[in-house]
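With the sequence up front, the predicted model follows.
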Amino acid sequence: MDVAIVGYGFLGRNLLTSVVEKWSAIKAVDPYFRLVGVSNSTGYAFSPEGLPLHGVLDSGGLEHYSGFTLGGTSLELLDKCSPDLVVELTPTNIVDGEPGLTHIQHSLRMGSHVVTANKGPLAHAYWELNAEAQKHGVMLLYEATVAGAVPLFSLVRECLQADRITRMLGILNGTTNYILTRMHFEEIGFEAALKEAKERGLTERDPSIDIGGHDAACKAVILANAIMGKRVKLRDVKTRGIETITAEAIRLAKRSGYTIKLVATVADTVEVAPRLVPVNHPLCVHGTLNSVYLESDLAGELTLVGHGAGKQTVSAIMNDIITVLKRTSH
Ligand SMILES: NC(=O)c1ccc[n+]([C@@H]2O[C@H](COP(=O)([O-])OP(=O)(O)OC[C@H]3O[C@@H](n4cnc5c(N)ncnc54)[C@H](OP(=O)(O)O)[C@@H]3O)[C@@H](O)[C@H]2O)c1
């Protein structure tokens, strides 16, 4: 299988490192696996015979790789290499999903399978993209878009095939969970905890995307559509952030065995808001961890906990890639 990676930042680099580490396992599934293209915002590297993985990794930045085409676009790369699989890892844009939305649409239309960690395109056009994938007989997998390394969609797809999921609650944003955790345990105010989160590099360039609940709302949209079959857009999610949570509110909650968490609720309606959560509830995880609590008609209650971001996210991307390789190998 010919594979292209569009977006070679934190996850792109970590993915390539894992591809090198897991090379024999990948080759055991698909002996023809090769990486034919990699792009970033300034250009791309392309080789129809397969790029040398160590050569790209060791170049000290894609633009320093000897075969780099400066000024080439990702769409140009995709047209040039017609990959069987595109791994889309460009930055999330919650306003219109671009440039990832166009990359994914273009890939599906040319008959390429797509694996992505980019929640923007799915939050904006979940059903449209899935219809496009179906029309062209290709797979669109997006495990890493919600709760990073937590294998949520795969679990539901593979292990809850007869279940009907009736309700989901999620702590889906590591930054706000870090802030609320610091407020709970250290009894510091919101501003001090936000400052700490910024110093640790945990916030987006625009922190209001996290603290205003918009990142969690995008993820709630994907959960609602993908797992509960709803037809929900971002504008349908009632969203409140954590900006107004005070140290006093958390202190009072704590005294009664609760804490305050930013919770995404997917049920009859889809909402993101600060909620009181009992400290002994399985959903109640701390620090940058994410958690998802499901209720279903057969299995009852299930909770998944794990890393919502960081290089562990590569686990979800790799699993999606292997899924595509396995389903297409004959
Ligand atoms: N980081 C995580 O832990 C994590 C977890 C779950 C999901 N995600 C999602 O996964 C995606 C990638 O995350 P990341 O942390 O790797 O982001 P990142 O470090 O910001 O990397 C993004 C990459 O995309 C490139 N890019 C921007 N516009 C492009 C375009 N038009 N064509 C090709 N490449 C383009 C950037 O190019 P330059 O290098 O030239 O700037 C950069 O290489 C994001 O959507 C993010 O929300 C990330």
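Received, thanks.

switch to C-alpha atoms for all contacts and neighbour counts from now on
Noted.

For the stretch 201-330 of the chain, which segments count as strands?
Assigned strands in the stretch 201-330 of the chain, in chain order: 238-239, 258-266, 270-278, 289-296, 300-307 (criterion: DSSP state E, counting those that start in this stretch).

Only the C-alpha atoms, please, for the second one, written as CSV.
Extracted C-alpha coordinates of strand 258-266, given in CSV (Å, rounded to 0.1, in the frame of the first residue of the first chain):
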residue,chain,number,x,y,z
TYR,A,258,-17.8,16.3,44.4
THR,A,259,-15.6,18.2,42.1
ILE,A,260,-16.3,20.4,39.0
LYS,A,261,-15.4,19.0,35.6
LEU,A,262,-16.0,20.1,32.0
VAL,A,263,-18.3,17.4,30.8
ALA,A,264,-19.6,16.7,27.3
THR,A,265,-23.0,15.0,27.4
VAL,A,266,-24.4,13.2,24.4
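
from the middle of its chain, how far away would stretch 150-158 be?
Distance of stretch 150-158 from the chain centroid (Cα atoms, centre = their mean, to the nearest Å) equals 13 Å.

quick one: which of the strands of the stretch 201-330 of the chain is nearest residue 65?
Nearest to residue 65, of all the strands of the stretch 201-330 of the chain, is strand 300-307, at 31.6 Å by Cα to Cα.

In that closest one, which residues are buried?
In terms of neighbour count (16 or more other Cα atoms under 10 Å), strand 300-307 has its buried residues at 303, 304, 305, 306, 307.

Mean confidence (pLDDT) on stretch 305-318, please.
For stretch 305-318, mean pLDDT is 97.

and residue 170, helix, strand or coil?
For residue 170, the assignment made with DSSP: H, G, I helix; E, B strand; the rest coil gives strand.

Tell me who's in contact with the closest residue in space to residue 245 that isn't next to it in sequence.
Once flanking residues are discounted, residue 245 sits nearest to residue 190: 6.9 Å by Cα to Cα, 6 or more residues apart in numbering. By Cα atoms under 8 Å, 6 or more residues apart in numbering, residue 190 lies in contact with 179, 180, 183, 243, 245, 246, 247.

State the distance from the fourth one to residue 29.
Just to be clear, that refers to residue 243. 48 Å (Cα to Cα, to the nearest Å).

before we move on, what about the first one?
For residue 179, the distance to residue 29 (Cα to Cα) stands at 42 Å.

do the same with the third one
Residue 183 sits at a distance of 47 Å from residue 29 (criterion: Cα to Cα).

Which one of those two is surrounded by more residues?
Using other Cα atoms under 10 Å, the more surrounded residue of residue 183 and residue 29 is residue 183, with 26 against 16.

Spell out which residues of this structure are next to the ligand.
Neighbours of the ligand within the chain, by Cα under 6 Å from any ligand atom: 6-12, 39-42, 74, 89-92, 99, 117-118, 144-145, 148, 309-311, 313.

quick revisit: out of the strands of the stretch 201-330 of the chain, indicate the one that is most buried.
strand 258-266 (a mean of 26; mean count of other Cα atoms under 10 Å).

what ranges do the helices span in the stretch 1-150 of the chain?
Here the stretch 1-150 of the chain has its helices, by DSSP state H, counting those that start in this stretch, at 10-21, 23-29, 53-57, 74-81, 100-109, 119-135.

Redo these as JSON lines? Include mean pLDDT.
Output for the helices of the stretch 1-150 of the chain, formatted as JSON lines (pLDDT from 0 to 100):
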{"stretch": "helix 10-21", "mean pLDDT": "98"}
{"stretch": "helix 23-29", "mean pLDDT": "96"}
{"stretch": "helix 53-57", "mean pLDDT": "96"}
{"stretch": "helix 74-81", "mean pLDDT": "97"}
{"stretch": "helix 100-109", "mean pLDDT": "98"}
{"stretch": "helix 119-135", "mean pLDDT": "98"}
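
could you dump those helices to JSON lines with distance to residue 328?
Formatted as JSON lines, those follow (distance: least, Cα to Cα, whole Å):
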{"stretch": "helix 10-21", "distance to residue 328": "19"}
{"stretch": "helix 23-29", "distance to residue 328": "10"}
{"stretch": "helix 53-57", "distance to residue 328": "23"}
{"stretch": "helix 74-81", "distance to residue 328": "19"}
{"stretch": "helix 100-109", "distance to residue 328": "15"}
{"stretch": "helix 119-135", "distance to residue 328": "15"}
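
Select, out of these, the one closest to residue 208.
Nearest to residue 208 among the helices of the stretch 1-150 of the chain is helix 119-135 (15.9 Å), distances taken as Cα to Cα.

Show me what the closest one is in contact with.
Under the contact criterion Cα under 8 Å, 6+ apart, helix 119-135 has outside partners 92-98, 100-101, 104-105, 108-109, 113, 139-140, 145-146, 218-219, 221-222, 225-226, 231, 233-234.
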